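Sequence first, then the predicted structure:
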Amino acid sequence: MTPQLYTSSVIPIGALYAMSLWFSNSAYIYLSVSFIQMLKALMPVAVYSIGVLFKKETFRSSSMLNMLSISFGVAIAAYGEARFDVRGVALQLAAVAFEATRLVLIQILLTSKGISLNPITSLYYVAPCCLCFLVVPWAFVELPRLRAVGTFQPDFFVFGTNSLCAFALNLAVFLLVGKTSALTMNVAGVVKDWLLIAFSWSVIRDTVTPVNLFGYGIAFLGVAYYNHVKLQALKAKEAQKKAAQADEEAGSLLQERDGHGDRKSDNQA
C-alpha cells in the first residue's frame, strides 16, 4: 500500500474507528450492557442511511419501512429502560454513527479501488493509525485523572487478557467469514446480542424490563428481515454470476467448434 493511498483511505477509516471505540466504551459508564446491545440494533439503520447519503445504497420504500420498524423497536426499548441516561445514549448513538460511516467509507475508499481487507489485514493497517488518534483523547481526558490518583498501577493481567480476547475475536471473524459468509457473521451477531442480554440479566444482574424485551423483539425482527433481504440479494447475485460464466463458457465452446469446422472445410477444399 502506497503512502498516498494510506493517507487518503486508511487514516480516515482509522480516525472513525477510534471515535467509535472511544464513544462506545464511554457509554458503558452510564448504561447497562443489555441496553447498549439493544441500541446497537440501530447499526443497519445507520449503515443504510449513510449508504443512501453517499449514493452507495439505492433508496427503497420497503427498506426505509424496515429501518423505521427497527428504530421504533429501539425507541420502545429505550422507553422501558430502567437506567436511562441521556449522556450514555448520546455516546452510544454517536458510536453507531461513526461505525456506520467507517463501514461505508471502507466500501468507498478501499473496495472501489479493488482493495479487499480481511479482519487481520485490516488490523495490520488500521490499528496503528487508530492508536494514534486514541492517544489524543487519552492525553486530555484520562491522563490527568491518572496523575491525580498518583498511585495508579495498571493491571497487566486485565489489559493482557482483554487484548488477547480482542485479537481472538478478529481471528474468529476472519475464520468464520472465510468458511461461510459475512451474512452468517451478521446472523451470529444477532444471536450474540440475545446471549449478552441474557448474561447481563442473569450474571451482572442488570435490570431488563418487559418493555425492553418487547421493543428489542420488534427491532430484532426488523434486523432479521434485513439479513434475509441481504441473503436473497446475495443469492441472486451469485446466480447471475454463474449464469454469466455459463454463457461465456458456452460461447467459447461455440467459437472452438466453429473454428474446428472452418479448418475442416479448408482441409477438404
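Good, I have the coordinates. Numbering: from 1, shown residues only.

and Y48, what is it in contact with?
Taking Cβ atoms under 8 Å, 6 or more residues apart in numbering, we find Y48 in contact with 57, 63, 67. The C-beta positions use only the backbone N, C-alpha and C, and glycine is treated the same way.

which among the residues you listed end up buried?
For the contacts of Y48, a burial check counting by 16 or more other Cβ atoms under 10 Å picks out 57, 63, 67.

From the residues you listed, which land in strands?
Using DSSP state E, no member of those falls in strands.

With respect to pLDDT, which of those residues ranks lowest?
For the buried ones among the contacts of Y48, the weakest pLDDT value sits at E57, with 79.

Looks like that one contacts G51 (just checking).
Yes. If you go by Cβ atoms under 8 Å, E57 and G51 touch, sitting 3.3 Å apart.

Could I get the average pLDDT for the helix or strand hosting Q255?
Q255 is part of helix 210-268, with elements assigned from DSSP states H and E. Averaging pLDDT along helix 210-268 yields 76.

Could you pull up phi and psi at G114?
Reported as degrees, to the nearest 10, the phi and psi values for G114 are phi 80, psi 20.

what's around G189, how many residues?
Residues within reach of G189, counting by other Cβ atoms under 10 Å, total 14.

Is it within a helix or a strand, and which one?
Per DSSP H and E: helix 182-202 holds G189.

Kindly report the same for Y48.
Counting by DSSP H and E, Y48 is found in helix 43-53.

what's the answer for D206, then?
Assigned by DSSP H and E, D206 belongs to neither a helix nor a strand.

Wait, it touches I36, no?
No. Shown here, D206 and I36 do not form a contact pair, counting by Cβ under 8 Å, at 10.0 Å.

neighbour count winner among these two?
I36 (23 against 19).

avg pLDDT for stretch 169-176?
79.

Just the CA trace of it, in CSV.
Written as CSV, here are the backbone C-alpha positions of stretch 169-176 (Å, rounded to 0.1, in the frame of the first residue of the first chain):
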residue,chain,number,x,y,z
LEU,A,169,-12.4,-12.2,18.2
ASN,A,170,-10.9,-10.7,15.0
LEU,A,171,-9.3,-14.1,14.2
ALA,A,172,-12.6,-15.9,14.8
VAL,A,173,-14.4,-13.4,12.5
PHE,A,174,-11.8,-14.0,9.8
LEU,A,175,-12.2,-17.8,10.0
LEU,A,176,-16.0,-17.6,10.1
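
Quick check: buried residues in it?
Buried positions in stretch 169-176, judged by neighbour count with 16+ other Cβ under 10 Å: 173-174.

Likewise for stretch 8-24?
Result for stretch 8-24 [16+ other Cβ under 10 Å]: buried residues 9-24.

again with stretch 68-76
By neighbour count with 16+ other Cβ under 10 Å, stretch 68-76 contains the buried residues 69-71, 73-74, 76.

Return the member of these nearest to Q107.
Using Cβ to Cβ, I70 is the member of the buried residues of stretch 68-76 that lies nearest Q107, at 20.7 Å.

now that closest one, nearest residue through space, not along the chain?
G222 (3.7 Å; Cβ to Cβ, 6 or more residues apart in numbering).

quick one: the one you found and A233, what's the gap?
17 Å (Cβ to Cβ, to the nearest Å).

Which one's more surrounded, these two?
G222 (23 against 11).

The residue most central in space within the chain: which element?
For the chain, L103 is the residue whose C-alpha lies nearest the centre (Cα atoms, centre = their mean; 6.3 Å). Element membership for L103 (DSSP H and E) is helix 86-105.

If we go by neighbour counts, what in that helix is buried?
Those would be 88-89, 91-105, for helix 86-105 by 16+ other Cβ under 10 Å.

still on that earlier bit, my read: the residue nearest to the centre of the chain touches V47, true?
Yes. L103 is within contact range of V47, at 5.7 Å (criterion: Cβ under 8 Å).

Run a quick neighbour tally on the nearest residue to E81 once chain neighbours are set aside.
Counting by Cβ to Cβ, 6+ apart, E81 lies nearest to F35, which is 5.1 Å off, once chain neighbours are set aside. Using other Cβ under 10 Å as the criterion, F35 is surrounded by 31 other residues.

Please name the residues that touch F35.
For F35, counting by Cβ under 8 Å, 6+ apart, the contacting residues are 77-78, 81, 83-84, 206, 212.
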